[in-house]
Every structure is written in structure tokens, then in C-alpha cells.
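A.B. asks: Below are the sequence and a predicted model for it; my questions follow.
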Amino acid sequence: MPSTTLKKEMSITEEILLKVNELNAQEPSLTGEWPMKSNSSNHAASVADRKQSPTRLEKLDPSSAKTLSPTTVPTEPAPTPNFKHLLETATANQSTPPNKSTKISPLFLRFSIFRKLLLLSDGRDKIFKVIQYASKILLWSQFLAQLGKHYPSFETQTRQSLSSLIPHLSILRKLVRAGNAMAPIETLCRGTATTNWFTFLNTINSVFTSLADDGVTLAKVGITQPNPFFITWADRLWLSGIGFDYLTACEKIKTAKRSVTLLTEKKRILELQSNHSSTAVSGRLLKTSEYLDEDGVHISADTSPHTAQVLINNASAKIKQANQEIWLSQITLAKLVADFIFCSFDVFGVVKKVEKRGGIHLSRGASVSASQLQKFQDVAALVAGVLGTWKLYSSNMGK
């Protein structure tokens, strides 16, 4: 009786092992072997494996090879996913730019940026300003005089065309700037200009400057009578606005330079953390009051090397952005200096006063005439227009 029971258990065990061997032959990922081609070879392999069943079971699960019962089917444990490897792979895929089959030519890119500037009222104003004062300078330059020696009719026609174009461009620029008071008025209504007195006064000055400029525009196009009040106060308010913008640009440069210094120091510490297997960095390198999250790059003494490398890339991008902000603010400062020269001539009536005095007499018999000062004012306006256009072009380069 016991021998019969043992034979039944052995037959059941053989059937189970046969099924397991067939499954292993069909699933190469469990054993690393390719499936057999014929059923007879599978049966022969299963018979050969009956004597080596403990060894085979130990390969599948070494911890349970000695405790398996005849009715237990051995299974391979599920592999534990490597989350660190997955994170590194995802980060590498995210940092790698996608392959683009088409390349944009630099000429087309510049054309697209120029088209974008024409869609902006400020961009149209700057471009028309460059054309206006370049035409003025061309009128009194020696180029047309030299050209007139060989082509007198062409010189005459060109002077007539430019003389007609300049006042029309002046009116066109004022029409483009019409309604600029809506932006600062909206800022006042939202309450975002009341954060400090400087911002509030700058916004109020922008409102009245735009309104005075609109009054001059209405007189230029003939809707209202010319009023010296609007002309005088438009120039005065513009001059005060130049002062506000100059202080704002200086503050932006100061803030951006501080950000570059802070991010550079953070990048140095992160490089130390990424180059060492230990995740701890000397505590004296980290000062809690200096490493806040204000720039989006938060570090600590237990930052892992992989996280440190990701933060290094983030800090490098922010340093590049801060340097771009410094560059644009420096262009703004140069433009504001040119605007100040042009506007101060109108506010203080420099050209008219020099004309009444018959010029400015300098040492050694040198003198400066009113026409020369007028030319200097035109050059300052052209420089301001070129720098303003360059700033808009640079700010739209990466968009």
C-alpha cells in the first residue's frame, strides 16, 4: 500500500516537472535558453532533468530548493526594478534634444525675428525712428553732395523725397505710440504698481507722458489746435521717465550680478558633490542664509552626486539667463544716455539758445554752431533708435 502511494506521488511529480520544463523551453527569459524545435527533444530533455531536479530547482530559487514539496511548482522571483537607473535614463533622454530632420537657416531666422518686431508697436516705432533719423543724417551728409556732382538730378530728387518722408515718419511714429497709456493704467487698476513708491511714481509718470504725447499726436494730424502745453510737458515727462528707467536698469544689473555670483558658488559646491562618492560636503561650504530657493537651485549637505549633476545643468542655464539680462540692461543704459542727450536738447532749448548767441565760442578760436548741435542731436536719436532695435532683437532671439 505505501509503495502504491509513493508511485502515484512520483508520477504526479514527473508530470509537474514535465510541464515546468515545457514552460521553460517556451519562455527563454526564465532560463536564458532558446525553445526547442521538436516535442521529442523536449520530452528527452525533461526525462534527463528528472534526475537533476534538485539542481534545476536550485537554479530557479536557491532559497526554496530544499523545502519544495512534490506538488510545489517552482517559480522565478520577480526582478526588483532599478529606480536609479530608470531616473538616470529619463534625465538623459530629457536633456538630449530631439533630432530634427529640417534645419532652419540663419537668414530665415533673422527674417522671422524682424517680422515679429514689426508686429509689436514698440518694434515698429524703433524701426521707423532709425529710418527717420538716418534720412536726416543723409540729408546733411556729404554723400549726397558728392553724388550730386555726377548725378545732379538724382540728388535733387533724393533730397525732395527724404524731406517729405521725415515729417511723415514722425507722425507715423506718434500714431503707432497712440494709446500707450492703457498699459500703465491697467497696472494701476490691478494694484501691482503699489508695491513701493518708486514703482508707483514711475507708473504715474508713464500715464501722463503717454497722455501728453497723445495730445501732441492729435495736434499733428489736425484734429485739435497745436498746444505748446502738451509739447512742453511731453518732453519734460519723458526726461523724468528716462531717469526712472535708468535707475530700474541699474537695479536689474545689480540683481543679475548677485544672482550670477550666488549661482557660480552653488555650482562650485555641486561640482564637489558630483565628483565624490560621498554625499556629504564640509559644512563650512554651506551657509543656510546664502543658499535659499530664490533662484530655484536648492542644495544641501546630503545632495546625491546624480542630483548634483542635474542641479549643475540647471545652475548653468540660469547663469546664462542672468548674463543675458545683464547684457540687455547695459544696452538699455547706453540707449537711455542717447535719449537723455536728445531729450535734454528739447527740454532746455539748447539749439535755440546757441543760435541766439551766435554759437558757442571755445578756446583757441574754435566754436560750435547751432547747426552742428542739431546734427549732434540727430546722431544721438539715431544711436538710441539702433540700440533700442538691437535690444528688442536680442530679447526676441531665443523666443
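C.D. replies: Looks like it arrived, so ask away. Predicted, not measured: the structure shown is a model, and the values here were computed from it. Residues are numbered from 1 along each chain as shown.
A.B. asks: ok, the closest residue to residue 225 other than its chain neighbours - contacts?
C.D. replies: Using CB to CB, 6 or more residues apart in numbering and skipping the chain neighbours, the partner closest in space to residue 225 is residue 219 (6.6 Å). Placement of C-beta: from N, CA and C, glycine included. Contacts for residue 219 (CB atoms under 8 Å, 6 or more residues apart in numbering) come out as 225-227, 230.
A.B. asks: would CSV of these with pLDDT, secondary structure and neighbour count be doable?
C.D. replies: As requested, the contacts of residue 219 are exported to CSV (pLDDT from 0 to 100; DSSP: H, G, I helix; E, B strand; the rest coil; neighbours: other CB atoms under 10 Å):
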residue, pLDDT, secondary structure, neighbour count
225, 91, coil, 7
226, 88, coil, 12
227, 89, coil, 14
230, 93, helix, 19
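A.B. asks: Tabulate those (a markdown table), appending distance to residue 137.
C.D. replies: As requested, these are exported to a markdown table (distance: CB to CB, whole Å):
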| residue | distance to residue 137 |
| --- | --- |
| 225 | 32 |
| 226 | 27 |
| 227 | 30 |
| 230 | 28 |
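A.B. asks: List just the nearest of the residues you listed to residue 187.
C.D. replies: Using CB to CB, residue 230 comes nearest to residue 187 of these, at 23.0 Å.
A.B. asks: Which secondary structure element is home to the closest residue to the closest one other than its chain neighbours?
C.D. replies: Leaving out its chain neighbours, the residue that sits closest to residue 230 by CB to CB, 6+ apart is residue 215, at 3.6 Å. Taking DSSP states H and E as the definition, one finds residue 215 inside helix 197-220.
A.B. asks: what comes up buried for that helix?
C.D. replies: Across helix 197-220, burial judged by 16 or more other CB atoms under 10 Å covers 202-203, 205-219.
A.B. asks: Name the spans of the stretch 251-399 of the chain whose pLDDT lies under the cut-off.
C.D. replies: For the stretch 251-399 of the chain, the stretches with pLDDT under 70 are 276-303, 398-399.
A.B. asks: now the strands for it?
C.D. replies: 360-361, 367-368 (DSSP state E, counting those that start in this stretch).
A.B. asks: Give the other helices and strands that the last one contacts.
C.D. replies: Going back to what we said before, that points to strand 367-368. In terms of contacts (3 or more CB pairs under 8 Å, 6 or more residues apart in numbering; DSSP states H and E), strand 367-368 is packed against strand 360-361.
A.B. asks: Show me the contact partners of the strand it packs on.
C.D. replies: Contacts for strand 360-361 (CB under 8 Å, 6+ apart): 354, 367-368.
A.B. asks: Residue 231: neighbour count?
C.D. replies: Residue 231 has 16 neighbouring residues, counting by other CB atoms under 10 Å.
A.B. asks: Buried ones from the contacts of strand 360-361, can you make that a ChimeraX selection?
C.D. replies: Burial among the contacts of strand 360-361 is assessed by 16+ other CB under 10 Å; the matching ChimeraX selection reads:
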select :354
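A.B. asks: Including distance to residue 127, could the contacts of strand 360-361 go into a markdown table?
C.D. replies: What follows is the contacts of strand 360-361, written out as a markdown table (distance: CB to CB, whole Å):
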| residue | distance to residue 127 |
| --- | --- |
| 354 | 31 |
| 367 | 36 |
| 368 | 31 |
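A.B. asks: Nearest to residue 247, out of the contacts of strand 360-361: which one, please.
C.D. replies: Nearest member of the contacts of strand 360-361 to residue 247, counting by CB to CB, is residue 354, at 30.2 Å.
A.B. asks: list the contacts for the residue nearest to that closest one when sequence neighbours are not counted?
C.D. replies: Of all residues not flanking residue 354 in the chain, residue 370 sits nearest, at 4.6 Å (CB to CB, 6+ apart). Going by CB under 8 Å, 6+ apart, residue 370 touches 351-352, 354-355, 359.
A.B. asks: and the gap between residue 370 and residue 231?
C.D. replies: Between residue 370 and residue 231 the computed distance is 20 Å (CB to CB, to the nearest Å).
A.B. asks: got it, and residue 155?
C.D. replies: Counting by CB to CB - residue 155 and residue 231 are separated by 33 Å.
A.B. asks: Please apply the same query to residue 376.
C.D. replies: Distance from residue 376 to residue 231, by CB to CB: 21 Å.
A.B. asks: what do you get for residue 263?
C.D. replies: 48 Å.
A.B. asks: Okay, helices next: where are they in the stretch 251-399 of the chain?
C.D. replies: Along the stretch 251-399 of the chain, the stretches classed as helices by DSSP state H, counting those that start in this stretch are 305-347, 350-357, 370-395.
A.B. asks: can you count the residues close to the nearest residue to residue 376 once chain neighbours are set aside?
C.D. replies: Here the nearest residue to residue 376 in space, its sequence neighbours aside, is residue 341; by CB to CB, 6+ apart that works out to 7.8 Å. Close neighbours of residue 341, defined as other CB under 10 Å, add up to 17.
A.B. asks: Hmm, residue 341 is touching residue 373, no?
C.D. replies: No. Using CB atoms under 8 Å, residue 341 makes no contact with residue 373, being 10.4 Å away.
A.B. asks: buried sites along stretch 330-349?
C.D. replies: 331-332, 335-346.
A.B. asks: Distance-wise, check residue 178 relative to residue 217.
C.D. replies: The spacing between residue 178 and residue 217, counted by CB to CB, is 6 Å.
A.B. asks: Could you do residue 314 as well?
C.D. replies: Counting by CB to CB, the gap from residue 314 to residue 217 is 47 Å.
A.B. asks: now the strands for the stretch 51-200 of the chain?
C.D. replies: So, for the stretch 51-200 of the chain - with DSSP E, counting those that start in this stretch - there are no strands.
A.B. asks: In contact with residue 367: list those residues for me.
C.D. replies: Shown in contact with residue 367 (CB under 8 Å, 6+ apart): 359-361.
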